[in-house]
Every structure is written in structure tokens, then in C-alpha cells.
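1. Here's my sequence, what's the structure:
(one chain, ligands or ions: 1)
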Amino acid sequence: MKAVLGVGGGIAAYKAAELARRLQERGARVRVVMTEAATRFVTPLTFAALTGEKVITGLFDAGSAEATLSSAVEHIGVAQDNDLLVVAPATADLLAKFAHGLADDFLSTLYLAFTGPVVLAPAMNSNMWTHAAVRANLETLRRRGHCIIEPEEGLLACGTTGPGRLAEPERIADAAAEAMAGAGRRDLEGEVVLITAGPTREPLDPVRYISNRSSGRMGYALAEVAARRGARVLLVSGPVRLEPPREAEVIRVETAQEMHDAVLEHLSEATIILKAAAVADYHLSSVPQHKLKKTATRLSLELDPTVDILAELGQKKGDRLLIGFAAETENLLEEARRKLKSKKCDMVVANLVGHDGTGFEADDNEVVLVSATGEAVALDRAPKKEIAERIFDHALKLRLALHAARQA
Ligand code: CTP
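-> Numbers count the residues shown, from 1 in each chain. Take a look at the predicted model:
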């Protein structure tokens, strides 16, 4: 593993020296990039001695007559040559630069040019840590899929006590090793993963529709992870405000019927199907051609059930792995088991909705995976990308177990 360790200008910069060691112990070749401010806290020589590598401190060697083209594009070379970017301490300034794409020094420029996994370990004063601006930047970075190692509570350099102290180097190094292990895995190579995501919209007239609060984040996280692990990804997406992963083939739909048609059209190509979409259960079967006028004192809508895509897939799936989703407000396990059976799925990913910070519109999720083998595995609350990783881990294991059971 080739890692870049970015060191920000905070008092915790001294702990980055120990982190460099911990990363080396986990088999990493560590290249250190320091911001100008970081060099005020620790000398580049410390890191050069620890890593045996030249330490980068600026975009151009200040005052050097050798400021040639190669030094001008060095950040691209370093970005391409490394597998992992760890930043510790990630100061409020660095988080803001990364979140907004500012690139005015080596580290922030490298960050933009880097395409691999990013681990950020922030450290700062408690008031800074809880400031709305910092929270918003963290949210952006988390949503981008970066691993954030939350700071610990304790006595801070400024004399106050609270959250903001850089996590222990051991913890950061573990997270970095895990991010690397995950990033290198290509265990979905050869698979064609068909994913549905987001809500559907069922029109009421030419300008109105019924829909639901699904943001599509779980489905898009699955698509991103599947593509990264080597699968060909077919993403059938309802209307969402998300950027799909570059490698995914995206088929955009609006209604449940359109989603049904797109899924069925691609079924024969798929080896794994994940139905993360929140499909509307009812629709207006005959949509008026013109806008409904506000003439009646009371308006009743007569709705008909939509086609149940998952249930139809359960009938037609053959030996494909079929994974359904269940968003419930109560009786989670019973409902998941009922859907697993009635829709003939191999696994149901069930989550409670209507709780703070998980489920619909949230970045995190907390789910139970209920499998056709009878197994139920609860996954702790984690970012949706992390949950997506675990879903694929379990799906691959489940397929082997189902195969073995069929052979027996
Ligand atoms: N689903 C589907 N087609 C539908 C409705 C749901 O394919 N018309 C899929 C969803 O994509 C999800 C699973 O079914 O994978 C569970 O959806 P949910 O709405 O929770 O289940 P329902 O069958 O609608 O059950 P209930 O309304 O009783 O909760």
C-alpha cells in the first residue's frame, strides 16, 4: 500500500509522526505532504527521517531555480502514484478547502487530483468542531464517501475540555488499512449488478404527482460500491438529485410502470438484483390530459395498485440473486421475513424509517439483513456506503450458501 499522509497545521501535527510509523507497521510506504502551517509545528526533517522519503511542503520549491514543469505537475504524479490519502490533523481550514474544491497549496491540489479512498482525521477546538460551517463541510465530505475519524473528547491544547482532540494514531491507522483493503477488492468482477434507486413519481395530472421521501442515496451507494468492486452496474433510477457513479449505466425512469419495464428489459443480463427503490404502491390509472382545476370543495382520488416489480422478479429470477428492501415503521423483522417469503427474495435489507438520522433522506443507515437461509444479521448504524459494502459481502456469502444447499 502506498499512502500519502497529509499533515495540517494544528498542534496535533506532532501525533502525525506516530501515525506515519503506525501506517508503516501496516505495510504502507508513506509519503508525507505538509501544509505551510504544519511546518511551523513539526519540521519536515522529522517526517523525512521517519519515512525515508522526501517531504513535500509546497507547490513549487520556493526560490528554487529548478521550478521546472516536473515540479509544477508533481501533485498529479503523487496523486497517481498513491493508493490512499490520509489527512491528520485535518484542520477546519483543510476541511473547508476540500469541501469546496479550493486548491491553493500542494495538499489541497493533490486532494482534487486524487481518485482513491480518503481518510480524514479532524482535530480542532471544540467550538470550531461544533460550528455550523465545519459541520456543513464535514457533511459534504462524508457524503462524498470519505472516511471521517471523529476526534475524541478530552483536554485540548487551548485549555478547554471537549470534542476536538485528534483520534489516536492507532485508530486512524486501522481505519486507513481498512479503507485500503476495501478499495483494492475486485470481488464483483464478472457480475452484472442491476440496482433500482430513488422514488417513483405517479402523475395526478400534467403538473402534479404523488411520490415519497426516498433520496436514492442507498441505491446510489450500492451502485458506487458495486462499480468499485469490479461489477458492471445497471442503475435504474427514479428522479433524485444525485450524481451517479461514472462507470454506471444509468436508465432514468419516473413511474413504477417505467421502472418495471426498464428492469424487465435488463433482467436477462443481471446476475445480482438489488431493489432499493421506494416504488409507489398506488397510482392513478387514468391520468387526465389537463390540469385539475380547484372547483370541487372536496377531492377524492381513486388509486389502483402499481405493478409489484419485486414480486414479479421473484417469479422470473432463475438463479439470479434477488435482494429486496423493506422500509418499515414497526415490526421490522416480521415484516422483512414476510416480504422475503411472499416476494421470493434471497435476502431482504430491512430498516426502520421515521427515526432520527437513518433511513429516508439520511446519510446513515441501520439495517437488518434477513436471508433465505434463515439468518438475520443486524448492521450497526453507519454511512450508506459502508452499509452497501456489507450488503455485498453478505450477498456473496449467501450465494455460496444457497448454492451449497442446492447441491446437498
Ligand atoms: N417494490 C416493488 N414494486 C412495488 C412496490 C415495492 O418492486 N410496486 C419493492 C421495493 O423496491 C422494495 C420492496 O418491494 O425492494 C419493499 O417495498 P415496500 O413498499 O416496503 O413493500 P410493499 O410490498 O409495498 O409492502 P407493504 O406496503 O405491505 O409494506
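
2. Which of the helices or strands spans the closest residue to the ligand within the stretch 101-250 of the chain?
-> Scanning the stretch 101-250 of the chain for proximity to the ligand using C-beta to the nearest ligand atom identifies residue 196 as nearest, at 6.0 Å. For every residue, glycine as well, the C-beta is placed using N, CA and C. Assigned by DSSP states H and E, residue 196 belongs to strand 192-197.

3. ok, now residue 405?
-> helix 384-407.

4. hmm, which helix or strand of the chain has the shakiest average pLDDT?
-> helix 69-72 (a mean of 57; mean pLDDT, DSSP states H and E).

5. helix or strand right after that one?
-> Going down the chain from helix 69-72, the next helix or strand is helix 74-81, by DSSP H and E.

6. Does anything pack onto that following helix? Which helices or strands?
-> Using 3 or more C-beta pairs under 8 Å, 6 or more residues apart in numbering; DSSP states H and E as the contact test, the elements touching helix 74-81 are helix 106-113.

7. Of all the residues in the helix it packs on, which ones are buried?
-> By neighbour count on 16 or more other C-beta atoms under 10 Å, the buried set for helix 106-113 is 106-111.

8. And for stretch 322-332?
-> So for stretch 322-332, counting by 16+ other C-beta under 10 Å, buried means 322-328, 332.

9. count of neighbours near the closest residue to residue 209 other than its chain neighbours?
-> Excluding the flanking residues, the one nearest residue 209 by C-beta to C-beta, 6 or more residues apart in numbering is residue 201, at 4.2 Å. Counted with other C-beta atoms under 10 Å, the neighbours of residue 201 add up to 20.

10. Which phi and psi values does residue 201 adopt?
-> When read as degrees, to the nearest 10, the backbone of residue 201 gives phi -120, psi 130.

11. Against residue 347, how distant is the nearest residue to residue 394 once chain neighbours are set aside?
-> The shortest distance from residue 394 to any residue that is not its chain neighbour, by C-beta to C-beta, 6+ apart, is 5.3 Å, and that residue is residue 369. Going from residue 369 to residue 347 by C-beta to C-beta, to the nearest Å gives 6 Å.

12. Tell me which of the two has more neighbours.
-> Comparing residue 369 with residue 347 by neighbour count (other C-beta under 10 Å), the higher total belongs to residue 347, at 26 against 22.

13. check contacts around that one.
-> 321-324, 340, 369-372, 394-395, 398 (C-beta atoms under 8 Å, 6 or more residues apart in numbering).

14. before we move on, back to that, partner residues bridging the residue of the stretch 101-250 of the chain closest to the ligand?
-> Note on residue 196: beta-bridge partners by DSSP bridges are residue 236, residue 275.

15. residues near it, how many?
-> A count of nearby residues for residue 196, using other C-beta under 10 Å, gives 30.

16. Just want the angle from the strand holding residue 196 to helix 384-407.
-> Compare the direction of strand 192-197 with that of helix 384-407 by axes from the mean of the first three to the mean of the last three C-alpha atoms, to 10 degrees and you get 130 degrees.

17. how far does strand 192-197 sit from the chain's center?
-> 16 Å (C-alpha atoms, centre = their mean, to the nearest Å).

18. Which other helices and strands does it contact?
-> Packed against strand 192-197 by the contact rule (3+ C-beta pairs under 8 Å, 6+ apart) you find helix 217-228, strand 232-237, helix 256-266, strand 272-275.

19. Of those, which shows the lowest average pLDDT?
-> Set side by side, the helices and strands packed on strand 192-197 give their lowest mean pLDDT on helix 217-228, at a mean of 94.

20. Dump it to CSV, restricted to CA.
-> Extracted in CSV, the C-alpha atoms of helix 217-228 (Å, rounded to 0.1, in the frame of the first residue of the first chain):
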residue,chain,number,x,y,z
ARG,A,217,-28.8,7.6,-1.5
MET,A,218,-28.8,3.9,-0.5
GLY,A,219,-29.2,2.7,-4.2
TYR,A,220,-26.5,5.1,-5.4
ALA,A,221,-24.2,4.0,-2.6
LEU,A,222,-24.7,0.4,-3.8
ALA,A,223,-24.0,1.4,-7.4
GLU,A,224,-20.8,3.1,-6.4
VAL,A,225,-19.6,0.2,-4.3
ALA,A,226,-20.5,-2.4,-6.9
ALA,A,227,-18.7,-0.5,-9.6
ARG,A,228,-15.6,-0.1,-7.5
